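**Q** Dropping a prediction and its sequence here:
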Amino acid sequence: MKLSQIASALNARLDNGSPDTEITGLNGIEQAGPGEITFVANPKYAAAARLTKAAAVIVAESFPAIPAATLRVEDPYLSFARALELFHQPLRYAPGVHATAVVHPTAKIGRGAHIGPYVVVDENVEIGADAVLLPHVVIYRGVKIGNGFFAHAHAVVRENCRVGNNVLLQNGVVIGSDGFGFAKNREGRWYKIPQPAPVVIEDDVEIQAYSCIDRASVGETRIRRGVKIDNLVQVGHGSQVGEDALLCSQVGLAGSTEIGNRVILTGQVGVVGHCKIGEGAIVTPQSGVANDVPAGALVSGAPAVDHKLWLKYSALLPRLPDMARALRAKKSKE
């Protein structure tokens, strides 16, 4: 593909390069060679951009001139994602039902569906148009799914759950597993609380490998439009996750947590049940949220506090042994 074609597709301004340069693919800034393009979104790679062997670099409009050709755009990271799509089209799956699949006669499946080997679709299931269910996907009875559904191998949607349009489930995702609810009886044993309430997944949600979204005993667990959930995430029963929120790997939400729109929970964040995290808040890695977080806040630590306050705590920690020794020495002299 010519560099000029890529520039046109990205709505980019080509600077310091030949529009007829042939581009064969994309690569990282330090690995890219002639015939490849790369990008710079993080300022720490600005020096590497001057030394790259790439044929062209996707950069912001304000980025300084470099020896390589540049494709100047508003958002280099987003443009790089779009450039990848030019070279790596998603796999296509032919419509049809594999001979080993088990589809209940009452199930309604829309046009263009691909039902792979050993898929199970139970009774009274409804699936919209252009669905792709890869091997060993299981859809329990009473599930309703919209158009453009894509489930990778071993994904499971449990009974009576609701899934919107253009939802993508990566390998091993479980939608609607039982919530973790038990009551202790007189003998001190745990009595299982029924968990009949469904999980609702709205449109344009992606849930990545081996994440679990639990069903609730009452009400519902809801993942709202545009949410992206990373690998190994646990969403507890009755939780609500707001639009365009981002839940990174190993996040854990206890039951009845409320996550606002566009919240970002970074890796290994844990949230105590019944907490509310306000719209646009960010929680940094390995933090433990034990109280409500206001909208727009940046919090860190366990328990999570304002990020600037946490930085002060962190600066003091290495000094604590010396401070303790100084205090003991002072007391011994008194």
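**A** Great, that's in hand.
**Q** Can you show me the helices along this structure?
**A** Assigned by DSSP state H, the chain shows helices spanning 3-10, 46-51, 76-87, 307-316, 320-333.
**Q** got the CA coordinates for the last one in CSV?
**A** This points to helix 320-333. Below are the C-alpha coordinates for helix 320-333, written out as CSV (Å, rounded to 0.1, in the frame of the first residue of the first chain):
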residue,chain,number,x,y,z
LEU,A,320,10.2,5.6,58.8
PRO,A,321,12.9,3.3,60.2
ASP,A,322,15.3,6.2,60.6
MET,A,323,12.5,8.3,62.2
ALA,A,324,11.7,5.5,64.6
ARG,A,325,15.3,5.1,65.6
ALA,A,326,15.7,8.9,66.2
LEU,A,327,12.5,8.9,68.3
ARG,A,328,13.7,6.0,70.4
ALA,A,329,17.1,7.7,70.9
LYS,A,330,15.4,10.9,72.0
LYS,A,331,13.2,9.1,74.5
SER,A,332,16.2,7.2,75.9
LYS,A,333,18.0,10.5,76.7
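**Q** orientation of it relative to helix 307-316 in degrees?
**A** If you take axes from the mean of the first three to the mean of the last three C-alpha atoms, to 10 degrees, helix 320-333 sits at 60 degrees to helix 307-316.
**Q** right, and the helices of the chain - which one's nearest Val200?
**A** Closest to Val200 of the helices of the chain is helix 76-87 (C-beta to C-beta; 28.1 Å). Yep, even glycine has a C-beta here, placed from its N, CA and C like the rest.
**Q** tell me which residues of that closest one are tucked away?
**A** 76, 79-80, 82-83 (16 or more other C-beta atoms under 10 Å).
**Q** related to what we said a few turns ago, which one of the helices of the chain has the poorest average confidence?
**A** Lowest mean pLDDT of the helices of the chain: helix 320-333, a mean of 84.
**Q** tell me which residues in it are buried?
**A** Buried-residue list, helix 320-333, by 16+ other C-beta under 10 Å: empty.
**Q** same thing with stretch 52-68?
**A** 52, 54-60, 63, 66, 68.
**Q** ditto for stretch 16-28
**A** Neighbour-count burial for stretch 16-28, counted by 16+ other C-beta under 10 Å, picks out 17, 21, 23, 26-27.
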